[in-house]
Structures are given as C-alpha cells and as structure tokens.
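**Q** this one's sequence-less:
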C-alpha cells in the first residue's frame, strides 16, 4: 500500500474527504501511479496532483478510478460535486480542472500520512452520495407500500361484507340510513317504547317502525331496534326490556329467532330476519 504525503492544512474538509477516499480506492486497486496512468487518460503527474490535493480531479478521472476499483461511479461523482463546490468557493471562481495530456512521470510521495477520517465519521457529502446510490429504490419502496395498503383495504371491505351478508343472502341495506335512524346510546335515559302489536296484510307490526330491511347489530339504538324487540317478544323470545337498545340480550334473542327460522345465526337483523319476525 502507498504511503501518502500529508495533505495541505488549508484544504477544505469536503475536498479532503474526496482526496482521502480516492487515495484509499487507488491503494485498494494495487496500481502504481504509472500503472494507473496507463489505464486512464491522465498522466502520472496529473494523478500525483489529484491525489496530493493540489488540483481538483475532473469527473472523468473520478469515474475511471471508481470503475477500476469496482465501485459505483454515481457515489464518487456525487462526492466530487460537493468537493468542486467547496473548491470554487475557496478560490472565488469556478474550479479549475486538469485535462489529460503527456507529462513527465514523477515517483509517488513516500511521506506517511496520518489517518484523517475515523470509522463512522460521515459527512454531508457521504450522505448525499448514499442517497444517489440507487435511484430506483424509492420507487420500489413506494410500489410495495401501495400494494400492501391496497390489499389491506380490500381485505377490510370483504370482511365487512361477509359480516353483514351473513353468508346466506342477508342483503345489506344502506348502513348510513340505519345509523341515522339508530344513533348510539348516550348517558341519558333511553326513551320508553310501547308495543302495539297488530297484524296488517299478513305481517306483524308493533306500531314503532314499519321497516323491513334496516340492518341492525349490537350497538345500534332507535325505534327500529324497539320494533324488533316487540316482534321478538311476540314470538315468545325475550329480548330484555323494550328500550330500543341493541345489546347482548337482544342479540341473543335474535340468534334464537334465526335458529328457529332456519337462517344463518349471526345475531344481525337484516331483510331475511325481518321477514321471519313479521310473518
């Protein structure tokens, strides 16, 4: 491995970062400056200036060295762009870039250089380079996340539909209408309902709600629930009190009525359960 000369003290940290990493990449390749020049368009003297911090290497030189070292040039070109900005600010002008040409060959410096970067010391330039390493990674992650979200949404919709349909043709009536007519119970006392059961056109009605398709389940409340409670009591199945609140007792009574009528036993009142209660 080459032993490098100490970099100039006034060298900007971002330029120093680039030079030190290029030195390590060159050492890793096992090539001398003369061999490196033979494999690129730049002379040994040019490489001595680049790796000595006396001249900013052109993008083509950085890319060539990265490919020789088996590295992705994108990351190294990003480091070079950051260093070029710092180099231009230090001189108050656009950074000068060497062009390849025949020059005299000079031996590598032999003065040892102290370690400049410690393990884990990441600069803003290195973070920028890491972000440029894989331009398609963000798109791939977004596609995967969108697919997962779509699968979850479809699964939730299917589960809700199965719950409401009960697997036996319980047609799901508009839940918004049920929610509007059966608001959730509050801390106030539930209204009292009176059952006035009468048979009209071959169907039983309790005089509270004429609905035949409202979907009711545990947690609903309102006149439709009270109507169902009256019809359950008329059928000889106690739902508890006639309070218009669909609670555990009412759900248990609905399950018994569904079992008696040969329906799917799910504790949810739909069109088929209404038909069984009114006939």
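**A** Perfect, I can see it now. Everything numeric here is computed off the predicted structure, so don't read it as measured data. Residues are numbered from 1 along each chain as shown.

**Q** which parts of stretch 19-27 are buried?
**A** For stretch 19-27, the neighbour count (16 or more other Cβ atoms under 10 Å) marks 19, 20, 21, 22, 23, 25, 26 as buried. (Each C-beta comes from the backbone N, C-alpha and C, glycine too.)

**Q** One more: stretch 54-74?
**A** By 16+ other Cβ under 10 Å, the buried positions in stretch 54-74 come out as 55-58, 61-66, 68-69, 73.

**Q** so can I have JSON lines of the buried residues of stretch 19-27 showing distance to residue 42?
**A** Formatted as JSON lines, the buried residues of stretch 19-27 follow (distance: Cβ to Cβ, whole Å):
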{"residue": "19", "distance to residue 42": "15"}
{"residue": "20", "distance to residue 42": "19"}
{"residue": "21", "distance to residue 42": "17"}
{"residue": "22", "distance to residue 42": "12"}
{"residue": "23", "distance to residue 42": "15"}
{"residue": "25", "distance to residue 42": "15"}
{"residue": "26", "distance to residue 42": "12"}
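
**Q** which one of those sits closest to residue 89?
**A** Distance ranking of the buried residues of stretch 19-27 against residue 89, using Cβ to Cβ, places residue 19 first at 16.7 Å.

**Q** which helices and strands sit right next to the host helix or strand of that closest one?
**A** Using DSSP states H and E, residue 19 falls within helix 13-29. In terms of contacts (3 or more Cβ pairs under 8 Å, 6 or more residues apart in numbering; DSSP states H and E), helix 13-29 is packed against helix 44-51, helix 59-68, helix 73-91, helix 124-132.

**Q** Go again with 10 Å.
**A** The elements that helix 13-29 packs onto, with contact taken as 3 or more Cβ pairs under 10 Å, 6 or more residues apart in numbering; DSSP states H and E, are helix 33-39, helix 44-51, helix 59-68, helix 73-91, helix 124-132.

**Q** And the fourth one, what's buried?
**A** Using 16+ other Cβ under 10 Å as the test for burial, helix 73-91 gives 73, 75-84, 86-87.

**Q** How far off centre is the helix holding residue 19?
**A** Helix 13-29 sits 36 Å away from the centroid of its parent chain (Cα atoms, centre = their mean, to the nearest Å).

**Q** Return the longest helix in this structure, judged by number of residues.
**A** helix 137-165 (DSSP state H).

**Q** I appreciate the help and will end here.
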